[in-house]
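1. Using only what follows, build the 3D model:
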Amino acid sequence: MNIKDRLLLMLSSLAFGWFILKANPTVISPASPKSESHIGAIRAVKSQIIMHDTIVSVKGKNVLFIGDSHTAADYGWQYQLCKKTKMVYLNTAVGGKQTAWMVEVVKQNINSGYDYCFIYGGANDMAGNRAPIKSVKNIQKIVNMCLAKQVTPIVLTGFNPLTCVNVAGRDIYKGYPQRYAKFQQLLVDSIQGAKVLKTHCISRTDCGDFLCHMTGSGHKKMCNFIISACRFKVY
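-> Model (predicted):
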């Protein structure tokens, strides 16, 4: 092999080596200063995945239900939820009641003996032309009372009023679906210290009337949605 061929071979080898170096990503070794944060990030992600996938057993836990007619049915979602998870409950929901009334009910009933409090209100406030933010503040008051007693508050938004409520031809309810939708979004955006579940799992076919008082299928869907969202163990 002459000198010219040797030089060409050397240049080709250098070019190939440079190509391999650029084509492969840099691997951060355990000794690298960046590796600790990299490993920490991976551990954090794994921890979140484990926490998300953990099934929570609430068997024997005490739960308080706060609400109106959407929670008052004798064999409604709240009954089915507790039957499936084996929680023990007190249901204080009464049809036609607004969130200001619910605040007073919580004052009378909340205590540290409860583990959870499910809060599902606001429909009657919105049907009565109440400003959404005022009702959201009432829900926050309920949440705060729960936290003061070390009770875990869980707030439900309810069904999607824009698809489930049909107020056509009923002027008294004009604007109700829009107010209710705004109220629900405010719950999601502003409630502090509680898990807020956007329970838009109900379809119009699950509604028994124009205001979407749920039929059996609706209560079943609501129950199953909550179990899935809270990762509750069923029996």
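2. Low-confidence bits of this structure, can you list those?
-> Flagging of the chain using pLDDT under 70 yields the residue ranges 1-53.
3. Which parts of the chain are strands?
-> Listed in chain order, the strands found in the chain under DSSP state E are 62-67, 88-91, 116-120, 152-156, 195-197.
4. quick one: which of the ones you listed is nearest Gly128?
-> Of all those, strand 62-67 sits nearest to Gly128, with 15.9 Å by CB to CB. Bear in mind the C-beta positions are built from the backbone N, C-alpha and C, glycine included.
5. so who does the residue lying closest to Ala72 once chain neighbours are set aside touch?
-> Spatial nearest neighbour of Ala72, chain neighbours left out: Ala93 (4.2 Å); criterion: CB to CB, 6 or more residues apart in numbering. Applying CB atoms under 8 Å, 6 or more residues apart in numbering, we find Ala93 in contact with 65-72, 78, 120.
6. ok now do the residue nearest to Asn124 when sequence neighbours are not counted, which residues does it touch?
-> In this structure, Asn124 finds its nearest non-sequential neighbour in Gln98, 4.8 Å apart by CB to CB, 6+ apart. Gln98 is in contact with 68, 121, 124-125, 128, 130, 135, counting by CB under 8 Å, 6+ apart.
7. Can you add neighbour count and distance to Lys84 and give those back as a markdown table?
-> Output for those, formatted as a markdown table (neighbours: other CB atoms under 10 Å; distance: CB to CB, whole Å):
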| residue | neighbour count | distance to Lys84 |
| --- | --- | --- |
| Asp68 | 22 | 23 |
| Gly121 | 28 | 23 |
| Asn124 | 20 | 28 |
| Asp125 | 26 | 30 |
| Gly128 | 11 | 34 |
| Arg130 | 18 | 34 |
| Ser135 | 26 | 30 |
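8. got the domain boundaries for the protein?
-> As given by automatic domain parsing, the domain ranges for the chain are 27-56, 58-230.
9. Tyr89 and Thr163: what is the separation?
-> From Tyr89 across to Thr163, the span is 29 Å (CB to CB, to the nearest Å).
10. Look at those two and report which has more neighbours.
-> More crowded of Tyr89 and Thr163, by other CB atoms under 10 Å: Tyr89, with 19 against 15.
11. Any chance of TSV for the strands of the chain, columns distance to Pro177?
-> As requested, the strands of the chain are arranged in TSV below (distance: least, CB to CB, whole Å):
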stretch	distance to Pro177
strand 62-67	19
strand 88-91	27
strand 116-120	17
strand 152-156	17
strand 195-197	20
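12. Run through the bridge partners of Phe232.
-> Beta bridges link Phe232 to Val56, judged by DSSP bridges.
13. Pull the number of nearby residues for it.
-> Residues within reach of Phe232, counting by other CB under 10 Å, total 20.
14. Let me see the ranges of the helices in this protein.
-> Taking DSSP state H as the test, the helices found in the chain are 3-23, 35-53, 69-72, 77-85, 99-109, 123-127, 132-148, 161-164, 176-190, 216-230.
15. helices and strands around the fifth one, which ones?
-> What it means is helix 99-109. Other elements packing on helix 99-109 under the criterion 3 or more CB pairs under 8 Å, 6 or more residues apart in numbering; DSSP states H and E are strand 62-67, helix 132-148.
16. If you count contacts, what does the longest one end up packed against?
-> In terms of contact count using 3+ CB pairs under 8 Å, 6+ apart, helix 132-148 is assigned the packing partners helix 99-109, strand 116-120, helix 123-127, strand 152-156, helix 176-190.
17. one more time with 7 Å, if that's ok
-> helix 99-109, strand 116-120, strand 152-156, helix 176-190 (3 or more CB pairs under 7 Å, 6 or more residues apart in numbering; DSSP states H and E).
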